[in-house]
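S.K.: I would like to see how this sequence folds:
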Amino acid sequence: MAAWMLTGFLSFLFLLEGTVLQDLAPQAWGSPFVWIPQPVTSGIILLSLIQGRKAGLIYGLCFGLIHDLVFGQVIGVYAFSTAAIGYIAGQISRQFVSGPIVALCATGICQAVHLCMVFGWYRLFNVTQIPWEESMIYHIIPSVLINTVVAYPVYRGVRWIVGRFHPHSLQLFE
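M.R.: Down below sits the predicted model:
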């Protein structure tokens, strides 16, 4: 039951990412700063912190592939990078004592690595011609900051779902 609830919650975040959050982004108002909303990636990172690297890898691969099919210009970039970040976040949870602050810090770091990986793949395939410095200042840093703030409600949602159906999984997060 928890898997269905988590899949539904992440699907809701995916719909939110593609619709409402696009209108709230600063680039919609003409700002040079770009926010790449990624609440699904935050949810996968937080889920893998709680349930482990295997769950992060599977959910990351599935939702990354869906992202590639719906929004992507190159199929496989988000699938690979989101699965890798889910796995890395699952490894982080095995190395550190977990808590809300560690979860949000890990989310910020993993978001930064994820966006850098996607930018690297897009530069490799010549999908983007933006220089590294410009991408870092105008795209990656603002996206990481805002996505880390948005990750807190996602953290509460994932924690509630997992706590409701698997309370023994949250012992480290109390």
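S.K.: phi, psi of Val127?
M.R.: Note on Val127: its backbone torsions stand at phi -80, psi -30 [degrees, to the nearest 10].
S.K.: what's the burial count for it?
M.R.: Neighbours of Val127 under the rule other C-beta atoms under 10 Å: 14. Quick note: C-beta positions are derived from backbone N, CA and C, even for glycine.
S.K.: roughly how far is the least confident helix or strand in the chain by mean pLDDT from the heart of the chain?
M.R.: The helix or strand of the chain with the poorest confidence is helix 20-24; it has a mean of 89 (mean pLDDT, DSSP states H and E). Computed by C-alpha atoms, centre = their mean, to the nearest Å, the separation of helix 20-24 from the middle of its chain amounts to 17 Å.
S.K.: which helices and strands does the next helix or strand after that helix pack with?
M.R.: Sequence-wise, the next helix or strand downstream of helix 20-24 (DSSP states H and E) is helix 39-51. With contacts taken as 3 or more C-beta pairs under 8 Å, 6 or more residues apart in numbering; DSSP states H and E, helix 39-51 sits against helix 2-18, helix 53-70, helix 77-95, helix 100-124, helix 141-165.
S.K.: List of residues touching the least confident helix or strand of the chain?
M.R.: Here helix 20-24 makes contact (C-beta atoms under 8 Å, 6 or more residues apart in numbering) with Ala28, Pro37, Pro39.
S.K.: who touches the first one in this structure?
M.R.: Yep, that's Ala28 we're talking about. Gln22.
S.K.: ok, the residue most central in space within the chain to Gln111 distance?
M.R.: Closest residue to the average C-alpha location of the chain: Thr41 at 1.5 Å, with C-alpha atoms, centre = their mean. Counting by C-beta to C-beta, to the nearest Å, the gap from Thr41 to Gln111 is 6 Å.
S.K.: Pull up the overlap in contacts between those two.
M.R.: With C-beta under 8 Å, 6+ apart as the test, Thr41 and Gln111 both reach Asn147.
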